[in-house]
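1. Need the 3D shape of this:
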Amino acid sequence: MTSSPLHLDIVLPVFNEAEALPASVLELHRFLSETEDSLNWQITIADNASTDDTAFIAGSLAATLTNIRVVHLAEKGRGRALKRAWTTSSAQVLAYMDIDLSTDLRALSPLIAPLLTGHSDVAIGSRLKRGSRVVRSTTRETLSRGYNLLLHTVLGAAFSDAQCGFKAVSASAAHRLLPLVADEQWFFDTELLVLAERCGLRIAEVAVDWYDDPKSTVDVAGTVKDDLKGIARMGWPNPTRDEAVAQVRTEIGRLPLQAAPPLTAQLVRFGLIGVASTIAYSLLFLTFHSFLGAQWANFLALAISAVANTMVNRRLTFGVKDPATAGVHLVQGLLVFAATWALSSGALSMLTRTSEPAGPWETLLLLTGANAVATVLRFLVLRLIFRPKAEAVRVESRITRRELMGA
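-> Okay, the predicted model is just below:
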């Protein structure tokens, strides 16, 4: 007689949670027994290097209750614990939740349903999605929203909530994604989701009821620092990682979504890049002005900063990552530069007609003002140049319909 397949494995990553572990496991076990009796499920306690009685209590629970598995790790790290537990599981759907059960368990069925049916590859609980109900401090709410805004701005992420401790992934998606995830601590969740989007995997989001645990032992300052490092690493080009992502896209036969980032995110990114470009332009102008004169200094400083501005905006502001179109977009960006240069050089010519010659700082101030006027035009033109191509969107739509029909 063959044993029935394991449908669901819920991992509880724990570190020194001897106090909370028994009650949470008993509550989760009771809930699954009552509501998910049609599924073959399992709870995995992933103990990552606890120094209290967590390991002993986990063993006792496994010996007392059915469908309990315990995984022990010698090193600390939530990401490390999840990766070990998921890679050693035979379940069709791999999930995890925080040990404090801050997320209402009634969101579990909506979370795993898209994965069991094959419609989606990853599913996340979201505290920021319309319909969610959240009780937590103003500080944590601000940090959460600020962090997700940063992900949208810098990495072009489309999912709404990266850090809610209530996620699931299909076994096939985990098999492809986990080897690509480098972080083994708290940034693990974010990196997994960013990679999933870049690979073209579908992420389902479920609005949840979530209640803050006032006794949480998370090191907020340390987590923020590590998250910022992780964002910088994911935003920096990595040929090896990008090649692996492209291979996964080829394997699943699905293009990444080509929709442009929201207008608000575009404006924020364009503004930040514009500030950096203005600083670079100013330094270059002052450097060149001393030996080339105002007109040539303006031309060279604007050419260098404008080309860099166009290519950075192409990737970060407008979400265009296809290398095949980089050359065409560079030429189009140079045309935008020509218009900007014409405006600034005209203002410079008017300045030179005055009776008293202006110094480099006065000239720079005038040119900065002229370039600021040109910035509005540049944003509108670049937004037109870098708009998503209709054909790419249609291809994604056809693939989506074919998958939904089970082809």
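2. Now residue 79. Its backbone dihedrals?
-> Phi and psi for residue 79, reported as degrees, to the nearest 10, are phi -60, psi -40.
3. From what I see, it and residue 181 are in contact.
-> Yes - look at residue 79 against residue 181 with C-beta atoms under 8 Å: they come within range, at 7.1 Å. For glycine as for every other residue, the C-beta is placed from the backbone atoms N, C-alpha and C.
4. Which neighbours do these two have in common?
-> residue 188 (C-beta atoms under 8 Å, 6 or more residues apart in numbering).
5. What segments of this protein are strands?
-> 8-14, 41-48, 68-73, 93-97, 122-126, 133-135, 166-170, 203-207, 209-211 (DSSP state E).
6. which helices and strands does the second one pack with?
-> Contact analysis of strand 41-48 by 3 or more C-beta pairs under 8 Å, 6 or more residues apart in numbering; DSSP states H and E lists strand 8-14, helix 21-35, helix 54-64, strand 68-73, helix 78-87 as its packing neighbours.
7. Just checking the distance from it to the centre of its chain.
-> From the chain centre to the centre of strand 41-48 is a distance of 26 Å (C-alpha atoms, centre = their mean, to the nearest Å).
8. ok, it: who's next to it in the sheet?
-> Sheet pairing for strand 41-48, assigned by DSSP bridges, gives strand 8-14 (parallel), strand 68-73 (parallel).
9. With mean neighbour count, distance to residue 304 and mean pLDDT added, can I get the strands of the chain in a markdown table?
-> A markdown table is the format used below for these (neighbours: other C-beta atoms under 10 Å; distance: least, C-beta to C-beta, whole Å; pLDDT from 0 to 100):
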| stretch | mean neighbour count | distance to residue 304 | mean pLDDT |
| --- | --- | --- | --- |
| strand 8-14 | 24 | 48 | 98 |
| strand 41-48 | 24 | 49 | 97 |
| strand 68-73 | 17 | 50 | 97 |
| strand 93-97 | 24 | 48 | 98 |
| strand 122-126 | 25 | 41 | 96 |
| strand 133-135 | 13 | 47 | 91 |
| strand 166-170 | 26 | 44 | 97 |
| strand 203-207 | 21 | 39 | 96 |
| strand 209-211 | 18 | 48 | 93 |
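10. May I see those arranged in JSON lines, with distance to residue 87 as well?
-> Output for the strands of the chain, formatted as JSON lines (distance: least, C-beta to C-beta, whole Å):
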{"stretch": "strand 8-14", "distance to residue 87": "11"}
{"stretch": "strand 41-48", "distance to residue 87": "11"}
{"stretch": "strand 68-73", "distance to residue 87": "10"}
{"stretch": "strand 93-97", "distance to residue 87": "9"}
{"stretch": "strand 122-126", "distance to residue 87": "16"}
{"stretch": "strand 133-135", "distance to residue 87": "32"}
{"stretch": "strand 166-170", "distance to residue 87": "12"}
{"stretch": "strand 203-207", "distance to residue 87": "21"}
{"stretch": "strand 209-211", "distance to residue 87": "28"}
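11. got the buried residues for stretch 50-67?
-> 50, 54, 55, 57, 58, 61, 62, 67 (16 or more other C-beta atoms under 10 Å).
12. What is the most widely separated pair among the residues you listed?
-> 50 and 67 (21.7 Å; C-beta to C-beta).
13. got a list of what residue 265 touches?
-> Taking C-beta under 8 Å, 6+ apart, we find residue 265 in contact with 149, 152, 153, 156.
14. Look at it and report its pLDDT.
-> What the model reports for residue 265 is a pLDDT of 72.
15. ok, now how distant is it from residue 317?
-> 8 Å (C-beta to C-beta, to the nearest Å).
16. Repeat that for residue 25.
-> The value you get for residue 25 to residue 317, if C-beta to C-beta is used, is 46 Å.
17. Which helix runs longest in the protein?
-> As assigned by DSSP state H, the longest helix anywhere in the chain is helix 263-292.
18. Report the buried residues of that helix.
-> Within helix 263-292, the residues that count as buried by 16+ other C-beta under 10 Å are 265-266, 268-270, 273-274, 277-278, 281-282, 284-285, 288-289.
19. gap between the nearest residue to residue 105 once chain neighbours are set aside and residue 206?
-> The shortest distance from residue 105 to any residue other than its chain neighbours is 4.9 Å, reached at residue 31 (C-beta to C-beta, 6 or more residues apart in numbering). Distance, residue 31 to residue 206, by C-beta to C-beta: 16 Å.
20. Kindly report the same for residue 278.
-> Distance, residue 278 to residue 206, using C-beta to C-beta: 42 Å.
21. cool, and residue 112?
-> Distance check for residue 112 against residue 206: by C-beta to C-beta, it reads 10 Å.
22. Overlap in contacts, those two.
-> Common contacts of residue 112 and residue 206 (C-beta under 8 Å, 6+ apart): residue 123.
23. wouldn't residue 285 be in contact with residue 298 here?
-> Yes - between residue 285 and residue 298 there is a contact under C-beta under 8 Å: 6.3 Å.
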